[in-house]
Each structure stands twice: as structure tokens, then as C-alpha cells.
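> test case, fold it:
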Amino acid sequence: MDSFFQSTPSSSWSYDSLKNLREISPVVQNHLKLVYLTLCCALASAAVGSYLHILFNIGGLLTALGFLGTGMWLIFSPPQEERKKFGLLMVSALSYGAVFGLLVEVAIEVNPSILVTAFVGTAIAFGCFSGAAIIAKRREFLFLGGILSSCLTILLWLGIATIIFGSSLAYTVELYFGLVVFLGYIVFDTQYIIERGHNGDLDYVQHALLLFTDFVAVFARIVEIMLRKEENERKKKKRSS
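Residues are numbered from 1 along each chain as shown. As a prediction, this is how the structure comes out:
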């Protein structure tokens, strides 16, 4: 689900756009500010969704469908309807947060500090990878689009293998491989947003949705990795005692 809204617009790029060395224009800089501000609002909405799940147990199939439905509605809405698209993004993020609340509940039961550590780690990683994409002089990271799309297909098959065979190894590979893939998407999507801005596409809400899916995908995987590590440590302590 977290890769549903990933975009692979490689077919719309020419070789000239890939070797573009222009500095980021003031218009695009302002656009990036709006994107990141909207992203922060979406993350806050997702946090509220997780909290509502903990209080009222609302996370499940309906909220998952709500995330997908409002996300698709947002994507196909015209850029001029900024308020409508912003509202749809907040509802979509709230729905995703409710679904993610299922994992948050588990983390709270095991060790609440996992959530804080995972969020700080995700924020640092996001800032570093997105910042690297912004300050890069060349736009060679746009070539990652095709590679990352292929990696998503591999992730899909790994997920299917995990469900069918219940393989712990396949799940572990999917977890760490997915983390690397979505870190790559942070770089790619940031440069994609910059290039789209230079081409006149200033739909900051839809661009914030791209980065939102990247952020929560990385965050979810870091939480799961830390939960597995905590579980393994507890098993070792039980054996030693």
C-alpha cells in the first residue's frame, strides 16, 4: 500500500532535462517550501490518525480504502483546486495514520521509545537524502526512476512469497530491501519535484503526497526492524536466564 502512489514519469523526460545544470529558481524554491510545509501538515494529520486508532480502534480495511480512495481523488483533481486537494491530502494522511496505528500499538506495548527513535532516524535520513537531491548540481538521479520501478516489482514478489510461504528470510529481505528502495525514492522524487517545478508544474499538494508516501514507508520499515531487534534481544535474555 505504501508504494501505491509512487510515480515513475521517466517517459516524459528528455536527455536535455537530465543534464540540466541550472540553479533552482526562486519560484521553485518557494514551491519546495510549500511542499515541505504541506508534508509536515500531512505527517501531523497521520499522527492524529494513529492516536484516534489507539483511542477508538478505527484502523483497518475501511481506513485503508479511505487512504487509497482519497489519494486517487487527489491525484485526478485539477491543480487549481488547491483547498480541495489539501483537504483530501489531510484525510488521506489521517486514514493512513489510522492504519499505521496498528503497528504503533504493537510498538507501544513492546517499547514506546522505538517510535521516537524511528521517527528521529527517519527525519534525519529524509533530510539528508532530500537535501542531497536539492544541492546536487546534476540531475543524474532522475535515472533512478526506472531502476526503482523494477525494485518495486521485486518487492511485490517478495511480499507475495512471504504471504504464500510464510518465509522469514523473504520477509527480512523485503524489509531491508524496501528500506533501501524508498530511501532511493526520496532522492528521485525530490529531483522529480524540482524538475517538474522548472517545467511549470507547481502542484505542491500532489508533490507533498509523493514525499509523504516515501517518509511513511521508510518510517514503517525502521519501526518493524527495531521491533524485530527488540524481540530477538528478549528471546536471547530468556534463553540465557
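> which helix or strand lies directly C-terminal to the helix or strand harbouring residue 44?
Counting by DSSP states H and E, the element that carries residue 44 is helix 26-56. Elements were assigned by DSSP H and E; along the chain past helix 26-56, the next helix or strand is helix 61-76.
> ok, the residue nearest to residue 101 when sequence neighbours are not counted to residue 117 distance?
Nearest residue to residue 101 in three dimensions, chain neighbours excluded: residue 53, at 2.8 Å (Cβ to Cβ, 6 or more residues apart in numbering). From N, CA and C alone the C-beta is placed, and that goes for glycine too. Relative to residue 117, residue 53 is positioned 21 Å away (criterion: Cβ to Cβ, to the nearest Å).
> so those two - more neighbours on which side?
Legend: neighbour count by other Cβ atoms under 10 Å for residue 53 and residue 117, higher for residue 53 (21 against 14).
> quick one: the helix holding residue 44 to chain centroid distance?
Centroid displacement of helix 26-56 relative to its chain, using Cα atoms, centre = their mean, to the nearest Å, is 12 Å.
> now the angle from whatever helix or strand residue 210 lives in to helix 61-76?
Assigning secondary structure by DSSP H and E places residue 210 in helix 204-240. Orientation of helix 204-240 against helix 61-76 (axes from the mean of the first three to the mean of the last three Cα atoms, to 10 degrees) gives an angle of 150 degrees.
> buried stuff in helix 204-240?
By neighbour count with 16 or more other Cβ atoms under 10 Å, helix 204-240 contains the buried residues 204-227.
> by contact count, what packs against that helix?
helix 26-56, helix 61-76, helix 82-110, helix 113-135, helix 168-198 (3 or more Cβ pairs under 8 Å, 6 or more residues apart in numbering; DSSP states H and E).
> burial of residue 201, as a residue count?
15.
> residue 166 versus the residue nearest the centre of the chain, what's the distance?
To find the centre residue of the chain, average its C-alpha atoms and take the closest one (Cα atoms, centre = their mean): that gives residue 214, at 1.9 Å. Residue 214 sits 29 Å away from residue 166, going by Cβ to Cβ.
> next, residue 111: phi, psi?
Recorded main-chain torsions at residue 111 are phi -170, psi 110, according to degrees, to the nearest 10.
> run through the residues that contact it.
With contacts taken as Cβ atoms under 8 Å, 6 or more residues apart in numbering, residue 111 has the following neighbours: residue 230.
> also the one 4 residues further on?
Applying Cβ under 8 Å, 6+ apart, we find residue 115 in contact with 104, 107-108, 223.
> please apply the same query to residue 32.
With contacts defined as Cβ under 8 Å, 6+ apart, the neighbours of residue 32 are 24, 134, 193-194, 197.
> quick one: which of those is nearest to residue 74?
residue 193 (15.6 Å; Cβ to Cβ).
> tell me what angle the helix holding residue 210 forms with helix 82-110.
Relative orientation of helix 204-240 and helix 82-110, computed by the same axes, to 10 degrees: 0 degrees.
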